[in-house]
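Visitor: okay, sequence plus prediction incoming.
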Amino acid sequence: MRSLTRSPRLSWISVVAAVIAALAAVLTAPAAAQAVGGGTVRGGVSQPVYSYADAIREAVWVDTGLDGDGDGRTDRVAVDIVRPSEPARAGHRVPVIMDASPYYSCCGRGNESQLKTYDAAGDIVQAPLFYDNYFVPRGYATVLVDLAGTNRSDGCVDVGGPSDVQSAKAVVDWLNGRARGYSARSGGTPVKATWTTGAVGMIGKSWDGTIANGVAATGVPGLRTIVPISAISSWYDYYFHQGAPLQDGPEW
């Protein structure tokens, strides 16, 4: 507690370092020097050996198997992907860092309230937070999922309920070849995640972290670890204070 009081910035750096170490330790098996998606790990730390500027950016819509909006067809959730191009050209597969969130278009992520932004083709240009900037050069794909009923996804938000959890779980299934993905929200051609090892680490703060907890509770194969940050433990207390409505959510 004394160190947190003296240096909040140092504490935050320590938290970030712990998060990165936890993900890397589970998604890879570091040795003194080991290939990771064509990159290297030295002393247990992955090295930034790939070009972020040349990263592959793409969008996929994954079928959740649910019809939360009652339109007579199963919902598809938008999945924005940033992954290193060098392993892809060499035929190497990469593990995934995944953040499933309802906040990518309404409220933002991080202190700067960053939103996703897209180019004319609909591929992601800016991804909130540091995940893509940090992990892609180190041989990981970053996968950012719009929860059902938010941003570019079908369906309805259900505040941490089955639709929220299933819309993220379906993406883990797709990354492991067990769910269907498409090149467009309505129609499009089938897309498979042939570029990944299927090893997924979920991360996220607040609502995002709660979804990571929920997906982990399903026992879905391929989810190797989660790093929930300040996740919500009581949805009632999140929305109400002693019975009085406290705030709106992203569904508004």
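Guide: Yep, it's here.
Visitor: which residues in the protein form helices?
Guide: 2-6, 8-27, 85-90, 131-135, 162-175, 207-217, 235-239 (DSSP state H).
Visitor: worst average pLDDT in the ones you listed?
Guide: If you rank the helices of the chain by mean pLDDT, helix 2-6 sits at the bottom with a mean of 37.
Visitor: for residue 96, give me its contacts.
Guide: 27, 140-143, 175, 196, 199-201 (Cβ atoms under 8 Å, 6 or more residues apart in numbering). Where you see a C-beta, it was placed from the backbone N, CA and C, and this is true even at glycine.
Visitor: the same query, at a cut-off of 6 Å, please.
Guide: Contacts for residue 96 (Cβ atoms under 6 Å, 6 or more residues apart in numbering) come out as 141, 143, 175, 196, 200.
Visitor: the strand ranked longest in the chain - what's its average pLDDT?
Guide: For the chain, the strand with the greatest residue count under DSSP state E is strand 196-205. The average pLDDT within strand 196-205 is 97.
Visitor: what about it, distance to the chain center?
Guide: How far strand 196-205 lies from its chain's middle: 7 Å, per Cα atoms, centre = their mean, to the nearest Å.
Visitor: ok, now stretch 92-104?
Guide: Put simply, stretch 92-104 sits 3 Å off its chain's centre (Cα atoms, centre = their mean).
Visitor: related to what we said a few turns ago, from the contacts of residue 96, which single one is nearest residue 92?
Guide: Checking the contacts of residue 96 against residue 92 by Cβ to Cβ gives residue 196 as the nearest, at 10.4 Å.
Visitor: report the contact partners of that closest one.
Guide: Contacts of residue 196 were listed using Cβ under 6 Å, 6+ apart, and they are 93-94, 96, 175.
Visitor: low-scoring stretches of the stretch 51-200 of the chain, by residue?
Guide: Under the criterion pLDDT under 70, no range of the stretch 51-200 of the chain is flagged.
Visitor: mind listing the strands for it?
Guide: Ranges of strands in the stretch 51-200 of the chain, per DSSP state E, counting those that start in this stretch, are 56-63, 76-83, 94-101, 117-118, 124-126, 141-146, 181-182, 190-191, 196-205.
Visitor: let's have those in JSON lines, adding distance to residue 152.
Guide: Shown next, in JSON lines, are the strands of the stretch 51-200 of the chain (distance: least, Cβ to Cβ, whole Å):
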{"stretch": "strand 56-63", "distance to residue 152": "8"}
{"stretch": "strand 76-83", "distance to residue 152": "4"}
{"stretch": "strand 94-101", "distance to residue 152": "12"}
{"stretch": "strand 117-118", "distance to residue 152": "9"}
{"stretch": "strand 124-126", "distance to residue 152": "10"}
{"stretch": "strand 141-146", "distance to residue 152": "6"}
{"stretch": "strand 181-182", "distance to residue 152": "13"}
{"stretch": "strand 190-191", "distance to residue 152": "15"}
{"stretch": "strand 196-205", "distance to residue 152": "18"}
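Visitor: check contacts around the spatially closest residue to residue 124 that is not a sequence neighbour.
Guide: With sequence-adjacent residues excluded and distances taken as Cβ to Cβ, 6 or more residues apart in numbering, residue 124 is closest to residue 80, at 4.2 Å. Counting by Cβ under 6 Å, 6+ apart, residue 80 touches 59, 124, 144.
Visitor: what does residue 66 give?
Guide: Taking Cβ under 6 Å, 6+ apart, we find residue 66 in contact with 75, 163, 166.
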